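Peer 1: Show me the folded form of this:
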Amino acid sequence: MAALLLIEDDEQLARNLIEFLKSEGYSTAHATGQEAGLELFENNKYDCVLVDISLKDGNGFSVCARIKQDSDVPVIFLTAQADEACTVAGFDVGADDYVSKPFRPRELVARIKNAMRRNTPSSSLLSCGGVTIDKAKGKVMKNGSELFLSALEYRLLLVFFTHKDQVLSRDMIADELWSFSGEFVSDNTLNVYMKRLRDKIEDDPQNPSTILTVRGLGYKAVDR
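Peer 2: Now for the predicted structure:
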């Protein structure tokens, strides 16, 4: 179970968020202020930190700067201050993402997953069904020839190859694409991109052999 640290002085929001995150499989410690939050961070191991910018005894910028001094743990700002200056300031001190209040809980979970995944060392090459992704170069190859994918097609393929042999529901896939594009991904949009991707990577798009449909459940990528 991934461990999160939530530094948020709105205690009602914190209680509701902790309960939701628990239902999503996350263990969440909570602090209401800067010093208490940093003390928890220094004495425990966390996979991701969620921090509000405005705190009673400090601010999220200071918290993020302190965390990033000696750690690469991802930090996500949760804040009602959505102006450009705050966003830039957050990224300048090392924030990994920025979520404006009010936010959709599922969007936050998708962003947490995305931040933790970027922080996880992994091979730069992913292969399945004769197709290879070179993440370091951002290239996709099939049988020695480069495939040219749009950004969302590339992201969709990366989701499947990262979770090879796992059945992914449409909701799970939409969450991953949402965290990448920053916009809600509808069923129709997912259908369009699934068709485009299969047209490019499958030998016979009408009878796919790399990304299979699992009736009633979703999709999965398999090696031939």
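
Peer 1: just the helices in this structure please.
Peer 2: In the chain, the segments counted as helices under DSSP state H are 11-23, 34-43, 60-70, 84-92, 105-118, 151-162, 170-181, 187-201.

Peer 1: The third one - contacts with which helices or strands?
Peer 2: In this case it means helix 60-70. helix 34-43, strand 48-52, strand 75-79, helix 84-92 (3 or more C-beta pairs under 8 Å, 6 or more residues apart in numbering; DSSP states H and E). The way it works is simple: take the backbone N, C-alpha and C, and place the C-beta from them, glycine included.

Peer 1: mind putting the helices of the chain in a markdown table, distance to P208 and mean neighbour count included?
Peer 2: Formatted as a markdown table, the helices of the chain follow (distance: least, C-beta to C-beta, whole Å; neighbours: other C-beta atoms under 10 Å):
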| stretch | distance to P208 | mean neighbour count |
| --- | --- | --- |
| helix 11-23 | 34 | 14 |
| helix 34-43 | 46 | 17 |
| helix 60-70 | 43 | 19 |
| helix 84-92 | 39 | 14 |
| helix 105-118 | 25 | 18 |
| helix 151-162 | 11 | 19 |
| helix 170-181 | 15 | 18 |
| helix 187-201 | 5 | 15 |
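
Peer 1: Any idea which of those helices gets closest to R215?
Peer 2: helix 170-181 (12.4 Å; C-beta to C-beta).

Peer 1: And N16, how close does it get to L78?
Peer 2: N16 sits 12 Å away from L78, going by C-beta to C-beta, to the nearest Å.

Peer 1: same thing with N59?
Peer 2: 13 Å.

Peer 1: Compare the two (neighbour count), which wins?
Peer 2: The neighbour comparison of N59 against L78 (other C-beta atoms under 10 Å) goes to L78, with 22 against 17.

Peer 1: what's that one in contact with, if anything?
Peer 2: Residues in contact with L78, defined by C-beta atoms under 8 Å, 6 or more residues apart in numbering, are 8, 50-52, 99, 101, 103, 108.

Peer 1: Who does the residue nearest to F103 when sequence neighbours are not counted form a beta bridge with?
Peer 2: Computed as C-beta to C-beta, 6 or more residues apart in numbering, the closest residue to F103 that is not its neighbour in sequence is L78, at 7.1 Å. Per DSSP bridges, the residues bridged to L78 are D52, V99.

Peer 1: Can you check what pLDDT the model gives V185?
Peer 2: At V185, the pLDDT value in this model is 69.

Peer 1: One more: S54?
Peer 2: For S54, pLDDT reads 87.

Peer 1: Domain-wise, how is this protein divided?
Peer 2: 2-118, 125-221 (automatic domain parsing).

Peer 1: Stretch 23-40: end-to-end distance?
Peer 2: 22 Å (C-alpha to C-alpha, to the nearest Å).

Peer 1: List the contacts of that stretch.
Peer 2: Residues outside stretch 23-40 that contact it (C-beta under 8 Å, 6+ apart): 1-9, 11, 14, 17-18, 21-22, 44, 46, 49, 51, 55-59, 62-63, 66-67, 109, 112.

Peer 1: C86 contacts D92, correct?
Peer 2: No - in this structure C86 lies outside contact range of D92 using C-beta atoms under 8 Å: 10.5 Å.

Peer 1: Contact partners for L212?
Peer 2: Applying C-beta under 8 Å, 6+ apart to L212 gives the contacts 219-222.
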